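J.: Got a sequence here, can you model it:
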Amino acid sequence: MQTSLIVYLFILLPVTGVCLNCERCSSSNSDSCIGTPYTCPLSEDACLIFTSENIVGNDRWFSTFKGCTKKKFCPPTPMGFTFPNQRKRRAAKCCHKDLCNAGSVTLPRLGARPNGLQCPGCFSQNPRCRPTETLNCHGWERKCVYYDVSVQQGDEIYTYAKRGCGTKHACVSGPRTLGIPGLYVEIWKNAMCTPAVKYMH
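T.: Prediction:
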């Protein structure tokens with residue numbers, strides 16, 4: 001019996017501590033990218049593909065990141081936003097098998113028409129981000145969101161705060177970290193979410 005137990009534990013040993021392999025790449029002008037296999041640290045237990053589209057006026061650009069992450073850093077998805085002078089949408093896929101983050105994700109549709117709901121809007125380097133305007137929400141944006149954010153991309157760090165309209169998965173309360181360590185990480189130092197209010201004529 002003791003011998004059988006020792007053999008059983010020996011069989012399990014190679015499995016313990018096996019690192020995940022994920023595709024790793026980034027693109028600042030495409031909704032996809034193709035990378036090479038990357039062996040994850042033991043502390044990172046998921047593969048992630050994370051794509052966003054930003055629209056400011058007539059300008060539109062995409063960014064995509066693929067790599068290893070921690071399961072707790074996986075973003076809720078999909079998300080859509082309206083901020084002052086900006087529309088934004090995001091999609092992500094988090095998975096737990098080798099190279100499962102190949103390919104691309106489908107971004108959610110951005111509502112083209114106002115839905116009758118409104119939220120305060122602002123964009124500021126001050127965490128308080130006092131509202132400067134009232135925004136019309138679009139499509140499935142039924143929440144008012146506030147984020148105090150620090151973004152780490154490569155060696156660069158950006159901080160800002162913003163308020164606007166968001167969809168269900170954009171509605172997060174409290175601190176949150178999402179993204180891919182060493183490549184692109186968003187730290188939501190503070191986040192709040194409230195129901196959007198109906199537009200009063």
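J.: does residue 137 sit in a helix, a strand or a coil?
T.: strand (DSSP: H, G, I helix; E, B strand; the rest coil).
J.: Contacts only, for it.
T.: Residue 137 makes contact with 82, 114-115, 117-119, 165, 196, according to Cβ atoms under 8 Å, 6 or more residues apart in numbering. Every C-beta, even on glycine, is put in place using the N, C-alpha and C of the backbone.
J.: And it, what's its pLDDT?
T.: Looking at residue 137, its pLDDT stands at 97.
J.: for the residue lying closest to it once chain neighbours are set aside, phi and psi?
T.: When the adjacent residues along the chain are set aside, residue 137 lies closest to residue 165, with 3.7 Å between them (Cβ to Cβ, 6 or more residues apart in numbering). Residue 165 adopts backbone torsions of phi -90, psi 150, taken as degrees, to the nearest 10.
J.: helix or strand right after the worst-scoring helix or strand of the chain on mean pLDDT?
T.: Using mean pLDDT, DSSP states H and E, helix 2-12 stands out as the lowest-scoring helix or strand of the chain, at a mean of 43. Next along the chain after helix 2-12, taking DSSP states H and E as the criterion, comes strand 21-27.
J.: low pLDDT regions in this structure?
T.: The chain contains residues with pLDDT under 70 at 1-17, 201.
J.: go with 80
T.: Counting by pLDDT under 80, the chain contains low-confidence ranges at 1-17, 200-201.
J.: most centrally placed residue in it?
T.: The centre of the chain sits closest to residue 75, judged by Cα atoms, centre = their mean, with a distance of 4.1 Å.
J.: List phi and psi for that residue.
T.: The phi/psi pair for residue 75 (degrees, to the nearest 10) is phi -70, psi 150.
J.: In contact with it: list those residues for me.
T.: For residue 75, the contact set (Cβ under 8 Å, 6+ apart) comprises 48, 50, 90, 92, 94, 178-179.
J.: Among the residues you listed, which ones are in strands?
T.: Judged by DSSP state E, strands contain the following of the contacts of residue 75: 48, 50, 90, 92, 94, 178-179.
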